[in-house]
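[1] Got a sequence here, can you build the structure:
(4 chains)
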2 protein chains.
Amino acid sequence: MTISVTEENYLKAIFSATYVSESRVGNQLIAEKLSINPASVTEMLRKLDDKKLIEYNRSSGAKLTKDGQKAALNVIRKHRLWETFLVEHLNFTWDQVHEVAEQLEHIQSDKLLDELASFLGNPEFDPHGDPIPDKHGKMPVVKSSNLSNAAIGKKLKVVKVGDNTASFLKYLDKQGIALGDILTIKEVQDFDRSVLVELKGKKEVYLSAGAAEKIMVI
Amino acid sequence: MTISVTEENYLKAIFSATYVSESRVGNQLIAEKLSINPASVTEMLRKLDDKKLIEYNRSSGAKLTKDGQKAALNVIRKHRLWETFLVEHLNFTWDQVHEVAEQLEHIQSDKLLDELASFLGNPEFDPHGDPIPDKHGKMPVVKSSNLSNAAIGKKLKVVKVGDNTASFLKYLDKQGIALGDILTIKEVQDFDRSVLVELKGKKEVYLSAGAAEKIMVI
DNA sequence: CTTAAAATTTAGGTTACCCAAAATTTATTT
DNA sequence: AAATAAATTTTGGGTAACCTAAATTTTAAG
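    I've put the predicted structure just below:
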């Protein structure tokens, strides 16, 4: 039973929508994530249900089955491994990888995937700090939290970005913030919840609440 | 003006059919190369003609325009660079690369292509000895010839295989023949034109005329 | 120059996606 | 519980590729 590129993209969308809250997704949200019309979603969800990749019913929405989750995680694994490859070996920056990885994630070859992973040293995290599922779909868990929830004086390590858009990533570059950096909260403004952080013990930077929310630290 | 995956495959097929003899191809041969029905070819050739990627007319067949040739060579460049990558860095054997490269050749990213080429050291030949077009579509020319045309006593170097099917490549592996090997013609049988060759100054191997025809040497 | 064979095109379908607008179902509010 | 709002599905259409079978051309042979 083969899964088409379009189907893989639906599975990914459903995965990302249900991953956090464990609940189900409606047509609308799926349509939004895939930039298509909600009307188009219905028939595909039926097809995925027929294929036993999702459980679907009109009122409560869609949810991945075990098989569907496995398929989704495999696509995500490929996506994140390719992103890692692009950054570590082909001089891509973290804001340049997404588009290309969206294509590469659909290449079908078990050997390619295995060899790519081992070529990269079986990495556990991609260039954005997102966990890379292993062969069996298992992902390393890191209980990171928002920079915006941090207390003054805390020394924290940046481990992940909560927004992979090129614009946010370039913004972080401009601020000089990268994965692995250590930073300390110096001030938290009451009126707008923006924070002042000290970067690597050197310069200080102001971050809006919105930006701080998207910087994940431990 | 974007070129779809299907269109790229048509361009490749037309390229490979017209490359040697410089003439034009008919629907039939294109259909055969793409494993589709000849009747399906007509409309696509019209579309490619509209896009000015080929010149087409019912009686003399199809031929690439400058733009079409450029597009075809770009796909071939990608295909052969990926094959090189797979063999040199991901432990693929030369009989395993084709299928995957058929998928990878359609990934669209100028940066990816440039960086891949330079990561590989801008190779001029792929794992089968086929020339890799450069950025501008220029290919290194090597005037190699059939092993079956060789005279007795000649010392020759294997530079290319004339048949990239997995079965032939595995056959060569079994015979111990690889790209770069030096071999000497010891005998040519009159009755079936099979040849006896000495491999790397060591063992001797009998090759059928059919096999010898597919081993390119200089 | 006629005719048979080969190649190409036409005509009518199919499948996998997608859309807009209308109709229906489900959820929320009063 | 009825009215309204929101989400979903249906309907009717569209596009890109593909197919088969039946014309129609073109080419090649006598």
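
[2] Could you pull out the strands in chain A for me?
    For chain A, the strands defined by DSSP state E occupy A:54-57, A:61-64, A:145-146, A:155-161, A:182-188, A:195-199, A:204-207, A:215-217.

[3] would you list these in a markdown table and tack on distance to residue B:151 and mean neighbour count?
    C-beta coordinates here come from the backbone N, C-alpha and C atoms, glycine included. Below are those laid out as a markdown table (distance: least, Cβ to Cβ, whole Å; neighbours: other Cβ atoms under 10 Å in any protein chain shown):
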| stretch | distance to residue B:151 | mean neighbour count |
| --- | --- | --- |
| strand A:54-57 | 67 | 19 |
| strand A:61-64 | 66 | 22 |
| strand A:145-146 | 77 | 13 |
| strand A:155-161 | 66 | 18 |
| strand A:182-188 | 72 | 17 |
| strand A:195-199 | 73 | 19 |
| strand A:204-207 | 76 | 16 |
| strand A:215-217 | 71 | 24 |
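
[4] check contacts around residue A:115.
    B:90, B:91, B:92 (Cβ atoms under 8 Å, 6 or more residues apart in numbering or on different chains).

[5] What sits closest to the second one if chain neighbours are left out?
    In this structure, residue B:91 finds its nearest non-sequential neighbour in residue A:115, 5.5 Å apart by Cβ to Cβ, 6 or more residues apart in numbering or on different chains.

[6] where does residue A:43 land on pLDDT?
    The score at residue A:43 is 95. That number is its pLDDT.

[7] Tell me, how many residues neighbour the closest residue to DNA strand D within chain A?
    Going by Cβ to the nearest atom of the strand, DNA strand D is nearest to residue A:26 of chain A, at 2.3 Å. When counting by other Cβ atoms under 10 Å in any protein chain shown, one arrives at 16 neighbours for residue A:26.

[8] Verify the contact between it and residue A:61 for me.
    Yes: with contact defined as Cβ atoms under 8 Å, residue A:26 reaches residue A:61; the gap is 4.4 Å.

[9] Can you pull the residues of chain A lying near chain B?
    Residues of chain A lying near chain B by Cβ under 8 Å from any Cβ of the partner chain: A:86, A:89-92, A:96, A:99-100, A:103-104, A:107-109, A:111-112, A:115-116, A:119.

[10] picking up where we left off before, from residue A:11, how far off is the residue of chain A closest to DNA strand D?
    Residue A:26 sits 16 Å away from residue A:11 when distances are taken as Cβ to Cβ, to the nearest Å.

[11] Run through chain A and note the low-pLDDT ranges.
    Of all residues in chain A, none has pLDDT under 70.

[12] interface residues of it facing DNA strand D?
    Contacts of chain A with DNA strand D, taken as Cβ under 7 Å from any atom of the strand, map to A:26, A:27, A:28, A:38, A:39, A:41, A:42, A:43, A:45, A:58, A:61.

[13] Okay, and which of these map to helices?
    Here DSSP state H is the test, and these give A:27, A:28, A:38, A:39, A:41, A:42, A:43, A:45 as lying in helices.

[14] what about the fifth one, distance to DNA strand C?
    Read that as residue A:41. For residue A:41, the distance to DNA strand C (Cβ to the nearest atom of the strand, to the nearest Å) stands at 7 Å.

[15] So that residue is in contact with residue A:27, correct?
    Yes: if you go by Cβ under 8 Å, residue A:41 and residue A:27 touch, sitting 4.2 Å apart.
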